[in-house]
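# Provided below are the primary sequence and the corresponding predicted coordinates.
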Amino acid sequence: MRENHSMRFGRCLLLGCALALAGCAAHAPPRTTAEAPPAPSPIALANPVILISIDGYRTDYLQRGLSPNLQALANRGVRAQWMTPSFPSLTFPNHFTLVTGLYPDHHGIVANEMEDPAIQPDHHFTLSNREAVGDERWWDEATPLWVSVQQQGGHAATMFWPGSEAPIHGVRPDHWHPYDMSVSADARVNQVLQWLDLPRMQRPQFITLYFDQVDHQAHEHGPDSKEVDEALRQTDVALGRLIDGLKQRHLFDTVNLVIVADHGMAAVPAGHSIYIDKFFNTRRAHTVMLGAVAGVDANAGETLDAHRLLAPHAHMQCWKKQDIPPRLHYGSNARVPPVVCLAQTGWLITTRTEQAKHEHPQRGEHGYDNADPLMRALFVAEGPAFVSGYIAPPFPNVDVYPLLAHLLRITPEKNDGDYSAIEAMLKPQVR
Ligand code: AMP
Ligand code: ZN
Ligand code: ZN
């Protein structure tokens, strides 16, 4: 069951939000002196958790030897052989999965580009559509972790995270920033450290930190480029600054760090383009999304003739949404277009018009079948809750949410994850 605003308010009062929460305090009636002091909520006793995303950090990048700080954390703590992203292996769907424990089909951010006729006047969602990204109607099929943290008496702060710019169920993180690619990795780290310097009762228990250079460089130059290597080095230096900052504050042994990627990356050789608009009548239908995965929908008042799309193709497979293989957990959400096409790894689904918009061809892409080894994502965790030197077997990224909820001592929302699958990462006394 999803909580509405008044339920949230009720639970907040129950947990004694005067203890901690600025967002709740704005709504709460003043406490009378006769009232007993509120009991601390479980989250008030939790060690801070920093959830760090290195966008597009394919798990085998670690073996390049360019991430010494990350490697040291993995040695001291836990590393997964790999983490399987959810389908489609794209940034927004997977970042929202990490903080909700729901498959994209269940949380509603089914792609980086979507259409929803129920959302007006602009029913198009894209990453660069600032209004859509901050419009809670796209996000409110789920409740991200920062909302639950604050509802349950804690504080949260996001140094960028998809969804953090929208007041989901009326709640934004206590501290957040609109996404701005130009903010340096160092500045992002400094901001996180500043949040940790807040007085104890205001200090966020849950903080996100997002790095994007590894993904950017891989799209532009390919995953095997020197530019990706350099982005790996620079991101690791930023991670090192965070660790040094935690040590200076005597917090390194107190904070639990969970470092993840949203997906991996595949090289796209020149000429690996599939022109999907050859396979339907462009006066009657249009593409909703393009790339590793594409969606096609009928134009208003038209019906989609999909028979040529659904025929066999050399480097692409299309399904009616109801026929998508169950292992992909995709197709039940109203926002999934009626026909979904998946490119063979290393191929791009595009149109001539779309391709003409780009000056340089793309050299790397993700979004492919989430079972493809090239889509495997990084998972490293270190801190007082984690065992040392453990290499965990692979797990799906829906399991990160129950892990985080457990670390933060909050009651999780209904989710697709499995806490028991990742419990072995934790020291017995904190399981
Ligand atoms: P993609 O590689 O197409 O799945 O998208 C990744 C890109 O999304 C990143 O390289 C960022 O530039 C962009 N991005 C990440 N977070 C946000 C955000 N909160 N708002 C808008 N764009 C974002
Ligand atoms: Zn990404
Ligand atoms: Zn990307």
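Arrived safely, thanks for sending. Ligands and ions are numbered 1, 2, ... in the order given.
# what's next to the strand or helix carrying Ala74, contact-wise?
Element membership for Ala74, per DSSP states H and E: helix 68-76. With contact meaning C-beta atoms under 8 Å, 6 or more residues apart in numbering, helix 68-76 is reached by 62, 65, 236-237, 239-240, 243, 257, 259, 380, 382, 388-389. All C-beta spots, glycine's among them, are computed from the backbone N, C-alpha and C.
# Using the record's assignment, carve this protein into domains.
Following automatic domain parsing, the chain resolves into domains at 42-265+369-430, 273-361.
# Same list (these) but as TSV, adding mean pLDDT.
Below are the domains of the chain laid out as TSV (pLDDT from 0 to 100):
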stretch	mean pLDDT
domain 42-265+369-430	97
domain 273-361	96
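# Mean neighbour count, these: which tops it?
With neighbours defined as mean count of other C-beta atoms under 10 Å, these peak in mean count at domain 42-265+369-430, which reaches a mean of 20.
# what about that one and ligand 1, any contact?
Yes - Domain 42-265+369-430 is in contact with ligand 1 by C-beta under 6 Å from any ligand atom, via 55, 90-91, 112, 127, 133, 160, 162, 179, 181, 212, 215-216.
# Tell me the first helix or strand C-terminal of the top helix by length along the chain.
Longest helix in the chain, counting residues (DSSP state H): helix 226-248. As assigned by DSSP H and E, the chain's next helix or strand after helix 226-248 is strand 256-260.
# is any part of that next one close to ligand 2?
No - using C-beta under 5 Å from the ion, strand 256-260 never reaches ligand 2; the gap is at least 10.9 Å.
# after that strand, next one along is what?
Sequence-wise, the next helix or strand downstream of strand 256-260 (DSSP H and E) is strand 266-267.
# That following strand near ligand 1 anywhere?
No - residues of strand 266-267 are not located near ligand 1 by C-beta under 6 Å from any ligand atom, the shortest gap being 12.1 Å.
# Averaged pLDDT, that strand. What do you get?
For strand 266-267, mean pLDDT rounds to 98.
# Residues of the stretch 101-250 of the chain that sit close to ligand 2?
Contact residues, the stretch 101-250 of the chain versus ligand 2 (C-beta under 5 Å from the ion): Asp215.
# I'd guessed Pro48 sits against Leu251; true?
Yes - with contact defined as C-beta atoms under 8 Å, Pro48 reaches Leu251; the gap is 7.5 Å.
# intersection of neighbour lists for those two?
What both Pro48 and Leu251 touch, as defined by C-beta under 8 Å, 6+ apart, is the set Leu196.
# Adding secondary structure and distance to Glu413, write the residues of domain 42-265+369-430 next to ligand 1 out as CSV.
Output for these, formatted as CSV (DSSP: H, G, I helix; E, B strand; the rest coil; distance: C-beta to C-beta, whole Å):
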residue, secondary structure, distance to Glu413
Asp55, coil, 25
Leu90, coil, 22
Thr91, helix, 22
Asn112, coil, 23
Leu127, coil, 25
Val133, helix, 22
Phe160, coil, 22
Pro162, coil, 17
Tyr179, coil, 24
Met181, coil, 30
Asp212, coil, 27
Asp215, helix, 28
His216, helix, 32
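# And those, which is closest to Arg200?
Proximity of the residues of domain 42-265+369-430 next to ligand 1 to Arg200 (C-beta to C-beta) peaks at Phe160, which lies at 24.9 Å.
# Three-state assignment for the residue nearest to that closest one when sequence neighbours are not counted, please.
Closest residue to Phe160 apart from its sequence neighbours, by C-beta to C-beta, 6 or more residues apart in numbering: Tyr210 at 3.9 Å. Secondary structure assignment for Tyr210 (DSSP: H, G, I helix; E, B strand; the rest coil): strand.
# Please apply the same query to Asp224.
Asp224 ends up coil, using three-state DSSP.
# Does it touch Ala267 like I think?
Yes - using C-beta under 8 Å, Asp224 is in contact with Ala267, at 6.3 Å.
# In contact with Tyr275, which residues?
Shown in contact with Tyr275 (C-beta under 8 Å, 6+ apart): Thr350, Thr351, Arg352.
# ok, so what distance separates it from His286?
Distance, Tyr275 to His286, by C-beta to C-beta, to the nearest Å: 14 Å.
# How about the residue in the stretch 201-350 of the chain positioned nearest to ligand 2: what's its closest non-neighbour residue?
The stretch 201-350 of the chain approaches ligand 2 most closely through Asp262 (4.2 Å), counting by C-beta to the ion. For Asp262, ignoring the flanking residues on the chain, the nearest one in space by C-beta to C-beta, 6+ apart is Asn94 at 3.8 Å.
# same check, this time on Leu232
That would be Leu66: by C-beta to C-beta, 6+ apart, it lies 4.2 Å from Leu232.
# Now the one you found. Its backbone dihedrals?
Per-residue torsions, Leu66: phi -110, psi 0 (degrees, to the nearest 10).
# Could you check how far it is from ligand 2?
Using C-beta to the ion, to the nearest Å, Leu66 is found at 19 Å from ligand 2.
# That residue and Asp244: what is the separation?
Leu66 is 19 Å from Asp244, by C-beta to C-beta.
# Over to Val336?
In terms of C-beta to C-beta, Val336 sits 44 Å off from Asp244.
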